[in-house]
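> Next comes the sequence, and after it the predicted model I'd like to discuss.
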Amino acid sequence: MKNTSLLSLKQRSWQRLPYKGALMLALVLMLMGSATGDQHWEALHSEVRRGDVVPLDTILDWLDAHYIGDVLEVEIDRDDGLVEYEIKLLGPQGQVVEFEFDGHSGQLMQIEGVRIREMQR
């Protein structure tokens, strides 16, 4: 999620991600950045560059490979030093499903929602 990665994610999202919500993703990320301050994001960017945190586009690639849906919202939370990605997808039948990933390992930790199986590829 270094600056160039975020820019390239926004540019490539229209080409490689089948998410109609790619614009929403970019807007959420920009709003979160301005609301939380630059220091928080600079620290997170450093962690991604060092390999301590998985880049967001890696998580989105995994979701795209395993689930059908449009990105509605992306949140990046830090709790007791742990980074978590929370991503909401809108499924083909209008269901909203939230995926939580460990930001350090990239592992899927939890899925919440209805008709999740119908979103699997």
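Cool, got the structure.

> And the helices in this structure, which stretches?
Counting by DSSP state H, the chain has these helices, from start to end: 3-16, 22-36, 38-50, 56-66.

> The nearest residue to residue 114 once chain neighbours are set aside and residue 86: what is the separation?
Residue nearest to residue 114 in three dimensions, not counting chain neighbours: residue 95, with 5.2 Å by C-beta to C-beta, 6 or more residues apart in numbering. C-betas here are computed from N, CA, C, even on glycine. Using C-beta to C-beta, to the nearest Å, residue 95 is found at 16 Å from residue 86.

> What residues sit buried inside stretch 82-89?
83-89 (16 or more other C-beta atoms under 10 Å).

> do the same with stretch 94-114
Buried-residue list, stretch 94-114, by 16+ other C-beta under 10 Å: 97, 99-103.

> Beta-bridge partners for residue 102, please?
residue 84 (DSSP bridges).

> I should have written residue 73 there, sorry.
In beta-bridge terms (that is, DSSP bridges), residue 73 pairs with residue 88.

> any idea which helix or strand of the chain has the worst average confidence?
In the chain, no helix or strand scores lower on mean pLDDT, DSSP states H and E than helix 3-16, which sits at a mean of 35.

> burial count for residue 62?
16 (other C-beta atoms under 10 Å).

> Any stretches of this protein with poor pLDDT?
Scanning the chain for pLDDT under 70 picks out the ranges 1-39.

> one step back: in TSV: the buried residues of stretch 82-89, plus distance to residue 73.
Shown next, in TSV, are the buried residues of stretch 82-89 (distance: C-beta to C-beta, whole Å):
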residue	distance to residue 73
83	17
84	14
85	11
86	8
87	7
88	4
89	9
